[in-house]
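Student: 3D model of this:
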Amino acid sequence: MRGYLVGQDGLYHADIPEPDDPGSNEVLIEVKAVSLNYRDLLVARGKYGKAPPEPFIAGSDMAGTVLKVGRDVTRFREGAAVLNAPFKHWPAGKINGDWMQSLIGGAGVNGILAERVCFPADALVPMPSHFSFHEGATLPIAGLTAWAGVMTHGQVKAGERVLLHGTGGVSIFAAQIARIAGAQVIMTTSSEEKAEVVKERFGVSETFDYRDESWPKQVRAYTDGRGVDLVVDVAGGQTFTQSLKACALNARISLIGILDGYESVLNPFDIIGRQIQIRGIYMESAQELAALAGACEIAQLKPCIDRVFSLDHTLEAFEYLESQQHIGKIVIEMTS
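Tutor: From the prediction side, this is the model:
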C-alpha cells in the first residue's frame, strides 16, 4: 500500500506492507485524510529528537473509516467514521512516562500517513457528524492542543481577553474555541492580509504585527493598560518573553510550541510581579479529544482548511507548511 516514511534522509514515498489483522482491542482503519502539523515538519526534517535507526510511518492526525475490529472492541463497528488521539496510550487524566512514549509519527513510533493503519480502539474517537473527513483530520493535534490550552488548562471565561500568535492550525482553533466561550481574541501576525481574514472569519478583535518589538505595549494600550488574561503561545523563544509583558495580573499562559526557537531570556519578576501561571501543553488525552469532538458537535464548529493536497503531492504539502503561508490547516487527501 502507499504511504510515506521518515528515515535517516528525511521523508520519502514508499510501498508499505499491509498492517496485520487487528488485535483483540485494535481497529483496522482506511485512512481518508491526514492533516499536517509543525511537529510533522520537524520530524521530517530530522529536527525532532534523535533519528531512529529504522524508518517509520510519518504523520500524526487522521480521519478514516473502520474496516475491521478486534474481538473485544464494542465501541466501533465497520463503516464508522473515526479520529485518532495523538498518543496510542493516554486514555484520560495526567500522562505518565510510559504513555509519553506512545506519541505517534515520531521517535520510531509509526504514524498514520498510509492508506490503512491499525490503531488501539481506546485511542479512537467518533468523528463529529457534521465534519467531512478533511475536517475531521484537523482535530487530533491542532484542535486538541488548542482545546487544552484554552479550555482544559486555560480555563477561559466569558469576557476574558485571549492573546494568540500567528495563523496556523492551533491558533485558528484557539480563536474559534475562545470566541465560542465568550472571550475576546487578540492575535499577532506579520501579514495585513491574514489580519483581515482572521478579523472577518474568526471574530478576532484586533491584530498586532509581531515584527514590531513594541507589540506588548500596543496590546496593553488596547486593553486600557490591563493586559490579557490568557496567552496561548505556539511560538516560544523570545515571543514567550514578549508575551509575559502583555499579561494582566493573575494571567495564565498555555505554552505550546517552539516556532520562535528553544531559548528565552526572562525577567522572573515579569512572572512573579503579575502572579502569572505558566502551563506547558503537550496535546492531551483521548478523553479530552472526545470532549472537543462533542463541543464541535454542539457548537457546529467547522475547522479552517487552507489547502488540500493529494497523496502523490505530499512532499509539496510539507513544503507549503514550511513556507508558513497558510491560514488554518493543510490536509492530504488519501484516496484517489
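Student: quick one, strands of the stretch 101-250 of the chain?
Tutor: All strands of the stretch 101-250 of the chain, identified by DSSP state E, counting those that start in this stretch, fall at 116-120, 124-126, 161-165, 184-188, 206-208, 228-233, 247-255.
Student: relative to strand 116-120, how tilted is the longest helix anywhere in the chain?
Tutor: The longest helix of the chain (DSSP state H) is helix 286-299. Interaxial angle, helix 286-299 versus strand 116-120 (axes from the mean of the first three to the mean of the last three Cα atoms, to 10 degrees): 110 degrees.
Student: So which residues make contact with helix 286-299?
Tutor: 83, 85, 87, 90-93, 122-131, 139-140, 143-144, 147-148, 152, 177, 180, 301 (Cβ atoms under 8 Å, 6 or more residues apart in numbering). To be clear about C-beta, it is placed using only N, CA and C from the backbone, and glycine gets the same treatment.
Student: Now the element after that helix, going C-ward?
Tutor: With elements assigned by DSSP states H and E, the helix or strand that comes after helix 286-299 is strand 305-310.
Student: Show me what counts as buried in that next one.
Tutor: 305-309 (16 or more other Cβ atoms under 10 Å).
Student: Please put the alpha-carbon coordinates of that strand into CSV.
Tutor: Output of strand 305-310 as CSV, limited to C-alpha atoms (Å, rounded to 0.1, in the frame of the first residue of the first chain):
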residue,chain,number,x,y,z
ILE,A,305,-8.7,24.3,6.0
ASP,A,306,-6.2,26.3,3.9
ARG,A,307,-5.4,23.7,1.2
VAL,A,308,-5.9,20.1,0.3
PHE,A,309,-3.1,18.1,-1.4
SER,A,310,-3.3,14.6,-3.0
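Student: hmm, who's touching that strand?
Tutor: Strand 305-310 is contacted from outside by 134-135, 138, 316-317, 320, 326-333, 336, using Cβ under 8 Å, 6+ apart.
Student: Looking at these, point me to the pair that's furthest apart.
Tutor: Greatest spatial distance among the contacts of strand 305-310 (Cβ to Cβ): Ile327 and Ser336, at 26.9 Å.
Student: neighbour-wise, which of those two wins?
Tutor: Ranked by neighbour count (other Cβ atoms under 10 Å), Ile327 and Ser336 place Ile327 first, with 22 against 8.
Student: Pretty sure that one sits against Val198.
Tutor: Yes: between Ile327 and Val198 there is a contact under Cβ atoms under 8 Å: 7.4 Å.
Student: Skip the chain neighbours and tell me the closest residue to the residue nearest in space to the middle of the chain.
Tutor: In the chain, the residue lying closest to the centroid (Cα atoms, centre = their mean) is Ala142, at 1.6 Å. In this structure, Ala142 finds its nearest non-sequential neighbour in Gly169, 3.4 Å apart by Cβ to Cβ, 6 or more residues apart in numbering.
Student: Check Leu103 too.
Tutor: Leu103's closest residue in space is Phe87 (Cβ to Cβ, 6+ apart), at 5.3 Å.
Student: any idea how far the one you found is from Pro216?
Tutor: 34 Å (Cβ to Cβ, to the nearest Å).
Student: and what of Lys329?
Tutor: Distance, Lys329 to Pro216, by Cβ to Cβ: 28 Å.
Student: the more surrounded of the two?
Tutor: Taking Lys329 and Pro216 together and counting by other Cβ under 10 Å, Lys329 has the greater number of neighbours (29 against 22).
Student: where does the stretch 1-150 of the chain have low pLDDT?
Tutor: Across the stretch 1-150 of the chain, nothing is flagged by pLDDT under 70.
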